[in-house]
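> Please work out how this folds:
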Amino acid sequence: MANSWWEIKVLCDPMLEDAVFWRMEAFGCRGTASQIKNNSCLLSAYLPEEKAHLLDLAALALLLRQDALCLEMPIPAVTWDLIDEQDWSSSWKQYWEPTPIGDRFLVYPAWLALPENPDRILLRLDPGVAFGTGTHATTQLCLESLEMRLGGEHNQVVIADIGCGSGILSIGAILLGASKVYAVDNDPLATRSTYENCELNQISPERIHIQDGSIEQVIQAVEQPVDGIVCNILAEVIIDLIPQFNAISKKNTWAILSGILMDQAKPIADALEQQGWVVATLWRRQDWCCFNIRRS
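Have a look, this model is predicted:
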């Protein structure tokens, strides 16, 4: 079947949701959705057919079984099927509903009719295959941290969003009053998603500078050091990026870092200290944490 995707479904105890999500991310899945059904969590993940063979999927099921045994949790049920691209592009949407985040945001699926007189900031989103729907703990922690950092009125704060995914944090920053965001991602599908979501939220290209790449592209693009950095990606990648943060920072620059499991927090903290950053707060949700940091 041309342009086919693996739809992988995992029925597990809700306490296993984060572990399953993490395993799917490591396996290379490009999109995930989850829902609670009868006191169980049903997590659906999607992967291009050419990225995995049946033996790979069997190995994934074994790893999920081992993860559950290590955590002394019930063994999850894992199934997979091939679906065509058109079915994939819409099948996960049935699980995603408007998500209130923090005190001010309502992350709103783009395909739903707009609500009348919303009492929150609407952040419209169609993430496609990019990470960042607002349902994951790390995204929520980052948006809540941005609420703390930014006021509701337009100001001159400039931010770098490294690993922008769907663009949810870049757009959230602009809606909270930031004047400009430099958004980069190594995945062209992610930067395309960011472009499209900026249009959905009627944000002009002058306010979010979107580019394929990583922090090197931000270093080349910025006219002067930024006021803030947001980075919601894998801990291992963040550790590699931390030495380069100083190249785009000034004395009072702050940063928000997530995508970090609690047991990965110490190596992150050690790397930050070595580069002259101070941890102002460390927020936790489920097994994930979010660093709010500032220059020493």
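
> residue contacts, the nearest residue to S4 once chain neighbours are set aside?
Spatial nearest neighbour of S4, chain neighbours left out: E49 (4.2 Å); criterion: C-beta to C-beta, 6 or more residues apart in numbering. C-beta: built from backbone N, CA, C; applies to glycine. By C-beta atoms under 8 Å, 6 or more residues apart in numbering, E49 lies in contact with 1, 4-6, 82.

> Those residues, buried ones only, as a ChimeraX selection?
To isolate the buried ones among these in ChimeraX, judged by 16 or more other C-beta atoms under 10 Å, type:
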select :4,5,6
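
> The contacts of E49 in strands, which ones?
With DSSP state E as the criterion, strands contain 4-6, 82 from among the contacts of E49.

> Closest to V222 out of those residues?
Checking the ones in strands among the contacts of E49 against V222 with C-beta to C-beta, the nearest one is W5 at 37.4 Å.

> Which stretches in the stretch 151-296 of the chain count as strands?
Ranges of strands within the stretch 151-296 of the chain are 158-162, 180-185, 208-212, 226-232, 249-261, 277-285, 288-295, based on DSSP state E, counting those that start in this stretch.

> Show me where the stretch 51-200 of the chain has its helices.
Residue ranges of the helices in the stretch 51-200 of the chain, as given by DSSP state H, counting those that start in this stretch, are 54-70, 85-91, 137-149, 168-175, 188-200.

> list the helices and strands the first one packs on?
What that stands for is helix 54-70. Other helices and strands packing on helix 54-70, by 3 or more C-beta pairs under 8 Å, 6 or more residues apart in numbering; DSSP states H and E, are strand 4-12, helix 17-27, strand 77-84.

> Off-centre distance for it?
Chain-centre distance of helix 54-70: 24 Å, with C-alpha atoms, centre = their mean, to the nearest Å.

> got the buried residues for it?
For helix 54-70, a neighbour-count test (16+ other C-beta under 10 Å) marks 57, 60-61, 64, 67-68 as buried.

> Roughly how far does R192 sit from G213?
Using C-beta to C-beta, to the nearest Å, R192 is found at 14 Å from G213.

> So for these two, which residue has more residues nearby?
R192 (17 against 14; other C-beta atoms under 10 Å).

> Let me see the contact set for A255.
Per C-beta under 8 Å, 6+ apart, neighbours of A255: 228-231, 245, 249, 277, 291-294.
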